[in-house]
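# have a look at this prediction, sequence included:
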Amino acid sequence: MDELRRQLREAAEAHRPDRERMLARVERGMATSTAGPHSTADPHSAAGDLHAGRHRVRRGVLSWPRMVLAAVAATGVLAVGGLAVAAIAQRPQPQPAPTATPSAAPDTASPSAAPEALPAPTSASRAPSASPHRSGSAAPSASPSPSRPPATRPAGSRTEDGPLWADGSVDPHSTDSWAQSNVTFKTREVLTALTVELHVPQTGGVKDTGHWQTMAADDFTATVREEGGVLVYRWVLKAGRTVPVGQQVFAGQYGHNAGGRDAGGDWYRIDAATAGGRPSVWGDFARTG
C-alpha cells in the first residue's frame, strides 16, 4: 500500500497537460472533416458536391464546439485526477505506534543489583543456648562465695570504751533446742558509724532462725553467714545515718540440737565512731534469767 501511494504521488507530480498537442489534434480533425473528392466535368455533379460540401462544412463547423468542449473536459478530468492523486499521496499517513524501548537503567536500580533476601533465622541463629555446658561467653553459673575466715576473738572482755558500754546475754526465753542471744549497748554520744557482730560457734545443729534490732531495720545492712564454722550475725549502719544517745538491742536467733547448748564460746564485738573518736567494745555471753 505504501509503494502504490508513492507511485501515484510521483505520477501526479510528473503530469503536465500538453495544450499545443491537443490543439494540433483538434485542427487535424477539422481538416479531415472539411476535405473530400470533387470533379469539374459535371456541373450537376459539382453542384451536388457543393451542396454536400456545405452540409459537411456545416457539420464540421457544428462539431467544432463539441470537440473543444471534449478537449476541455479531458483536460479537466486529467487535472482533477492529478489533484486527487496528489491529495492521496500527500495525505498524512498514520504513524505506527512507537514501540517502547526500555532505557538502560543504572546498575543500582536493576533488579539484579538488589541484595539477596536474608534467610530466615534458624534454631542455631536465634537466642543463644541456655545450656550450662555451652562454651564461649556464657555467664558463669553462680557459685557460693567462699567462707570468710573467722574473726579472731579478742582476749578477755572490754565492755566499756569512752561513751560506749555493752553486754552480751542469752535470752531467758530460750528453750532446749532454740536460743536467742542479745547484744545490748548504751551510748552517751551520737554515733556516726556502727558495726555490731554476734559470733555463735557451731556446736551441733546450729542454724539461723531470724534476727532483729530496736532501731529501724532500714538504717542497717544486716547479714547472716557461716564463716569458718561460726554463725556470724552482722549489722552495719548505712552511710548518712546516725545512732542517737540511749540504749539499743541487737538479737540473733538460732536453733540447735536438743538437750541445751553451752554459750561459753559465743562472743560479740561493737565498733563505733563519734565526733571525738572511735570506741570499740567486746565480750562473751552469760545465761540470764
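It's in.
# now the nearest residue to residue 223 once chain neighbours are set aside, which residues is it bridged with?
Distances taken as CB to CB, 6 or more residues apart in numbering place residue 234 nearest to residue 223, at 5.1 Å, with adjacent residues excluded. To be clear about C-beta, it is placed using only N, CA and C from the backbone, and glycine gets the same treatment. As for beta bridges, residue 234 partners with residue 197, residue 223 under DSSP bridges.
# residue 234 against residue 195, yeah?
Yes. Look at residue 234 against residue 195 with CB atoms under 8 Å: they come within range, at 7.1 Å.
# can you give me the strands for this protein?
160-161, 164-170, 178-187, 193-201, 207-213, 220-226, 230-237, 246-255, 267-273, 280-287 (DSSP state E).
# determine which stretch of those strands is the most buried.
With neighbours defined as mean count of other CB atoms under 10 Å, these peak in mean count at strand 267-273, which reaches a mean of 23.
# elements contacting it?
strand 164-170, strand 178-187, strand 193-201, strand 280-287 (3 or more CB pairs under 8 Å, 6 or more residues apart in numbering; DSSP states H and E).
# sheet-wise, list the partners of the longest one with their directions.
The one in question is strand 178-187. Assessed with DSSP bridges, strand 178-187 is paired to strand 164-170 (antiparallel), strand 246-255 (antiparallel).
# for residue 215, grab phi and psi.
phi -80, psi 170 (degrees, to the nearest 10).
# number of nearby residues for residue 2?
Residues contacting residue 2 under the criterion other CB atoms under 10 Å number 6.
# enumerate every residue touching residue 192.
242, 273-275 (CB atoms under 8 Å, 6 or more residues apart in numbering).
# ok, now with 10 Å
237, 239-243, 272-275, 278 (CB atoms under 10 Å, 6 or more residues apart in numbering).
# correct me, but residue 199 touches residue 254?
No. Taking contacts as CB atoms under 10 Å, residue 199 lies outside contact range of residue 254: 11.6 Å.
# so what sits against both of the two?
With CB under 10 Å, 6+ apart, residue 199 and residue 254 have common neighbours 181, 231, 233.
# thinking again about what came up before, can you redo the strands of the chain as CSV with mean pLDDT and distance to residue 25?
As requested, these are exported to CSV (pLDDT from 0 to 100; distance: least, CB to CB, whole Å):
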stretch, mean pLDDT, distance to residue 25
strand 160-161, 98, 162
strand 164-170, 97, 160
strand 178-187, 97, 158
strand 193-201, 98, 148
strand 207-213, 97, 149
strand 220-226, 97, 141
strand 230-237, 98, 145
strand 246-255, 98, 153
strand 267-273, 98, 151
strand 280-287, 87, 158
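# now those strands as TSV including distance to residue 26?
Below are these laid out as TSV (distance: least, CB to CB, whole Å):
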stretch	distance to residue 26
strand 160-161	164
strand 164-170	161
strand 178-187	159
strand 193-201	150
strand 207-213	151
strand 220-226	143
strand 230-237	147
strand 246-255	155
strand 267-273	153
strand 280-287	160
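# coming back round to it: between the shared contacts of residue 199 and residue 254, which sits nearest residue 217?
residue 233 (13.5 Å; CB to CB).
# where's that closest one relative to residue 181, distance?
Between residue 233 and residue 181 the distance is 8 Å, computed by CB to CB, to the nearest Å.
# circling back to that earlier point, could you measure from the residue nearest to residue 223 over to residue 27?
On the measure of CB to CB, residue 234 and residue 27 end up 154 Å apart.
# now swap in residue 166 and tell me
From residue 166 to residue 27 the distance is 167 Å (CB to CB).
# now do residue 266
Distance from residue 266 to residue 27, by CB to CB: 167 Å.
# please identify which of the two sits among more neighbours.
Remark: of residue 266 and residue 27, residue 266 carries more neighbours, 24 against 10, as counted by other CB under 10 Å.
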